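Visitor: Fold the following and give me the result.
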Amino acid sequence: TEFKIIPLKDIFVPERLREVEEEQALIIAQSIVEHGLINPISVRATPAKAGFKFTLIAGAHRMRAFEINDETEIEALVFKADAAEGQLLEITENLFRNELSVIDRAIFVQSYREIWERKHGKIEPGRPGNSANLAELIGAEADKTTFAQHVADRMGLSTRSYERLNQIAQNLNSNLRAKLRGTPHADNQSTLLKLAKLEPKKQSDISVGLQFGSDLETALKAVEDPKPKPDAQTVLFSRLVDTWRRASADTKAKFIDHIRSDIDEAA
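Guide: A predicted model of the protein is given here:
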């Protein structure tokens, strides 16, 4: 890496895994006015990018804060990295930020694996060449280090924390995940794990319930404890009672006579 002060106009900002929130950028802008920029942004040199000398890796909120403050230059760490490595660095840095919800952390963990696999190959036991790639990246023998351990170490997580986030990322319905983002449930790991363990149909039903105004507790209860379907005889009895109520007095008398006849024959 190399430390530089670079013009904002020279930095290309690609599509972000985490969108810039204007309110958060305003808070950072005020902090910069009072205390200066504590952490420089991260970029990678991209001289071939038309009109830009650098591509942003991490620090979109800080860049936006500088724009709000009418600054034209910003302190940056320039990394030697390709596009995939830049995305991995973006994810790693963002995972250290306290304001991220559990859902956002899970999305970053999933994205990290997807990007890593695009660059190095699928994480599959026995895949030729994969062990070598993993060993080279981690700097250890592949049979002593798992990918989960590598990601956990690089992101400052325990292996168990990584596995939980990965479970949420892999198994939580994307529509349900979108409905929960921005709510208090997005930062409740136990609730998210519980939802992730549900079968896809139930997760989809919960998502629909939330879309039509149900709260999560009500929607969850509806799929966990649905009303039991009545058996055939219960349905038949209900129909008989309904028919009895609609029958005339003459019809009821005939029915009673019929019942008495059946009882006498049975005796």
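
Visitor: need the helix or strand of this protein with the lowest average pLDDT.
Guide: helix 130-138 (a mean of 45; mean pLDDT, DSSP states H and E).

Visitor: and the next element down the chain from that helix?
Guide: Once the chain leaves helix 130-138, the next helix or strand it forms, by DSSP states H and E, is helix 147-155.

Visitor: can you pull out the strands in the stretch 51-200 of the chain?
Guide: 54-58, 73-79 (DSSP state E, counting those that start in this stretch).

Visitor: Deepest-packed of those strands, please.
Guide: Counting by mean count of other Cβ atoms under 10 Å, strand 54-58 has the highest mean neighbour count of the strands of the stretch 51-200 of the chain, with a mean of 23. Quick note: C-beta positions are derived from backbone N, CA and C, even for glycine.

Visitor: Mind listing residues that contact stretch 167-174?
Guide: Under the criterion Cβ atoms under 8 Å, 6 or more residues apart in numbering, residues 102-103, 106-107, 109-110, 189, 192-193, 195-197, 200, 203-204, 207 lie in contact with stretch 167-174.

Visitor: Narrow the residues you listed to just the buried residues.
Guide: 102-103, 106-107, 109-110, 189, 192-193, 195-196, 203, 207 (16 or more other Cβ atoms under 10 Å).

Visitor: Just name the closest of the residues you listed to residue 223, please.
Guide: Nearest to residue 223 among the buried ones among the contacts of stretch 167-174: residue 203, at 8.4 Å, using Cβ to Cβ.

Visitor: any idea whether the closest one is helix, strand or coil?
Guide: helix (DSSP: H, G, I helix; E, B strand; the rest coil).

Visitor: I'd assumed residue 177 was in contact with it.
Guide: No - using Cβ atoms under 8 Å, residue 203 is not in contact with residue 177, being 9.3 Å away.

Visitor: As JSON lines, the buried ones among the contacts of stretch 167-174 with pLDDT would be great.
Guide: JSON lines is the format used below for these (pLDDT from 0 to 100):
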{"residue": "102", "pLDDT": "87"}
{"residue": "103", "pLDDT": "87"}
{"residue": "106", "pLDDT": "86"}
{"residue": "107", "pLDDT": "83"}
{"residue": "109", "pLDDT": "81"}
{"residue": "110", "pLDDT": "82"}
{"residue": "189", "pLDDT": "92"}
{"residue": "192", "pLDDT": "94"}
{"residue": "193", "pLDDT": "94"}
{"residue": "195", "pLDDT": "93"}
{"residue": "196", "pLDDT": "93"}
{"residue": "203", "pLDDT": "91"}
{"residue": "207", "pLDDT": "89"}
